[in-house]
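> Would you be able to build a 3D model of this:
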Amino acid sequence: MYASSKTHQTYTDWDDAHTDHTSTRLRPAPAGLAESEDDWRGRLHHETPGGPLLAHNTMVEAVTSGGPLHLMHTTTALDAIRASGRLYVSSGCLVAALYCAPLIPEPPGLRPHNLGSYLLETKRHTRTLVLEVTPHTRAPAKGIDYLRLGRVHLRTYQRHQGFLTEAENTRLRRTVMARIRAAAPFLDLLLANATGKRTPAVPFTDRLAATVPHFPFLGYLYFEVLSEYLMLHSTARETKRYAEAGELNNRLYKRLAHHAVEGMDQLFDLSRFHPGHDRLTKLIGAIEPALAAGAAAYTRDRLSHLFAAIALEPSQDVGAFIFQAADFERLTAFAPSLLGQAVFREMRIFDRYPQLYLAFEQAKALEAWDYWNHEAISTPFNGFLPKGEIGINPAHPYATHRTWVAETCERGLLHPVEELEVTPVPRLAELHMTAMRRDGKGRAAGHVRPAVPAPGPTAHRHPKGT
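Residues are numbered from 1 along each chain as shown. Predicted coordinates for the structure are as follows:
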C-alpha cells in the first residue's frame, strides 16, 4: 500500500506524471480527442526511425536490470562536497534528484552516454564525479514527465499559500488569469485542433510563437515536441551511430535550443523559446534539412494533442471546454494541470522566490521521494523522452552509493581517480547553489518578467526576434 500519510489522489497525480514506454498502460484522457495516447504511441514507436529506442535503450535497460548503475555528475562545488560529505539535489526536470548522465562500463574505462559527452565538452569549468548506484532491486521503466506535473504544482500552492502575503496571493491569481485570458483564443484553438479541426500549419506556428511570451508553459511544450520530432525522425549518420549504442541523439535538440535563443548556454530558459514558422523552418533545416518541411505540421498535431491531454481533467470534453469563459475556480476544477503550470511559473518570477523556493519545492520533493520509494525507483529519469537525463533519488532506503572524482582521457572515457566519502541526502540545495539561478537576486530560470498582456488582439501578434 502507498504510505498512509498520502492520499490516493497524491499518488495518482505522481503516477500520471510518469511515463513508461515499455508498458501498454494508458492514462485517462478527456473525451473528444481525435487521436488517443495509444494512437500516438503506435506512430512514435513503430513509424519513426528512432521509435524502437523509446522502449529499448541502454539507460532504461540499466535502470530495470536491478544491477549497479554508473552515472556522471558535473559540479563547480567539489571543494564544498568534499568538505561536507554531502550531495544535495536540486529541482528541475527531475523534480528532486541529483542530475546525472549514464556511463557505460567498457574495458578501457567508463564511456559517457552522448548526453554526458556533450556535458563534458560544454562544461569545461566543472569537475566530474562518477557515482555507482546499487539499487538492490529491479525498478520499473517509469520516467518523470515534468510537463505533467501541473496538478502537483497546483496542490502544493493550495496547501502552502500561507507562505504568501495576501497582496502576493492576490497579485499571483490576477496575473495568472491575465495571462490565461490573453492566451485563451490560442488555447481554444489548440483544443479545436486536438479534436481534428486542423489549422493550416503556417498560421498555427506563428500564433503559437506569438502566444508563448504571454503563456510561457507553451514554450516548454513547443520545445519538447520539437525535440521529440528531431530525435525520433532523424536519419543523420551521427544519429545512427548513437542508435547503434542504444541512445537517442541529444545533440539535435541542444543545437535547436542554442540556435533559437541567444544566451541559452548561459540560461537554459524555455519560456524564451518561440520561433515563428519561417524561423522554425530555417532552424530545423540547419540541423537536418530533410526534416524542415514536416516540422510545423508535426508541431501542430502533436502539441495540440499533448496540450489537450495534459491541460484538461479526464472528466472533460475537449470539444466543449472554452478557456475564454473560464475563471480561477473553474480552471481549478476542470483544468488544474494547466492552472498549476501557470501558477508555478508565475511564482518563479516573484522577488521573494529565493525565500519561498524551499517551502514550495521541498514539499514536492518529499512527495516525489515517497512515490519513488514506493515504486522502487532509485534512479529517476526524464520520461517524456528517454534522452539520458537521469538522477539519483537521495531518499531511497535500500540503494547504496559510491562516489569518485574522475578524469577524462584523450579517448573521452572517464576514469575514477579519488574516492570520496560522500552520500546523497534528501534535501534540496539552496537556490543560489543550483544551475537554475542566474540573476543578482537569485531568481530561477524564467525570471524575465514580460508585461502582463491585456486580453484581445495582442495574443495574436507575431513576436520580434526568435
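
> Pull the contacting residues for residue 38.
Residues in contact with residue 38 (CB atoms under 8 Å, 6 or more residues apart in numbering) are residue 26. Where C-beta positions appear, they are placed from N, C-alpha and C, glycine not excepted.

> now it: how far from residue 392?
32 Å (CB to CB, to the nearest Å).

> With residue 39 instead?
35 Å.

> who has more neighbours, these two?
residue 392 (24 against 12; other CB atoms under 10 Å).

> so the more buried one sits right up against residue 89, yeah?
Yes: with contact defined as CB atoms under 8 Å, residue 392 reaches residue 89; the gap is 7.4 Å.

> Overlap in contacts, those two.
97, 98, 424.

> The first one: what's it in contact with?
For residue 97, the contact set (CB under 8 Å, 6+ apart) comprises 89, 368, 379, 380, 391, 392, 393, 394.

> With the second one instead?
If you count contacts by CB under 8 Å, 6+ apart, residue 98 has them with 73, 87, 88, 89, 90, 131, 391, 392, 394, 424.

> how about the strands in the stretch 51-200 of the chain?
69-75, 86-89, 98-106, 109-112, 127-134, 143-144 (DSSP state E, counting those that start in this stretch).

> out of these, deepest packed?
strand 143-144 (a mean of 26; mean count of other CB atoms under 10 Å).

> Over to the closest residue to residue 405 other than its chain neighbours. Which of the three states is it?
Nearest non-adjacent residue to residue 405, counting by CB to CB, 6 or more residues apart in numbering: residue 418, 4.3 Å away. For residue 418, the secondary-structure state derived from DSSP: H, G, I helix; E, B strand; the rest coil is strand.

> top helix in the protein by residue count?
helix 166-194 (DSSP state H).

> Flag every buried residue along the next helix or strand after that helix.
Sequence order places helix 201-211 as the next helix or strand after helix 166-194, per DSSP states H and E. Residues of helix 201-211 classed as buried: 201, 202, 204, 205, 206, 207, 208, 209, 210, 211 (neighbour count, 16 or more other CB atoms under 10 Å).

> Next, the angle helix 166-194 makes with helix 201-211.
180 degrees (axes from the mean of the first three to the mean of the last three CA atoms, to 10 degrees).

> picking up where we left off before, Throw the contacts of residue 97 into CSV and include distance to residue 23, secondary structure and pLDDT, thanks.
Converted to CSV, the contacts of residue 97 look like this (distance: CB to CB, whole Å; DSSP: H, G, I helix; E, B strand; the rest coil; pLDDT from 0 to 100):
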residue, distance to residue 23, secondary structure, pLDDT
89, 26, strand, 94
368, 20, helix, 97
379, 18, coil, 98
380, 16, coil, 98
391, 21, strand, 97
392, 23, strand, 98
393, 20, coil, 98
394, 26, coil, 97
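
> and which of the residues you listed is nearest residue 261?
Among the contacts of residue 97, residue 391 lies closest to residue 261 (CB to CB), at 24.7 Å.

> and the nearest residue to that closest one once chain neighbours are set aside, bridged to which residues?
Of all residues not flanking residue 391 in the chain, residue 97 sits nearest, at 2.6 Å (CB to CB, 6+ apart). With DSSP bridges applied, residue 97 shows beta-bridge pairing to residue 90.

> now could you export just the CA positions of stretch 193-211 as CSV?
Taking C-alpha atoms only, stretch 193-211 is exported to CSV below (Å, rounded to 0.1, in the frame of the first residue of the first chain):
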residue,chain,number,x,y,z
ASN,A,193,-7.0,21.1,-33.4
ALA,A,194,-6.9,18.3,-30.9
THR,A,195,-10.5,17.3,-31.9
GLY,A,196,-9.4,17.1,-35.6
LYS,A,197,-10.3,20.7,-36.8
ARG,A,198,-6.8,21.3,-38.2
THR,A,199,-5.5,24.9,-38.6
PRO,A,200,-3.0,25.3,-41.5
ALA,A,201,0.5,24.8,-40.2
VAL,A,202,1.9,28.2,-41.0
PRO,A,203,-0.6,30.4,-39.2
PHE,A,204,-0.7,27.8,-36.4
THR,A,205,3.0,28.1,-35.8
ASP,A,206,3.0,31.8,-36.0
ARG,A,207,0.2,32.1,-33.4
LEU,A,208,2.0,29.6,-31.2
ALA,A,209,5.1,31.8,-31.3
ALA,A,210,3.1,34.9,-30.6
THR,A,211,1.4,33.3,-27.5
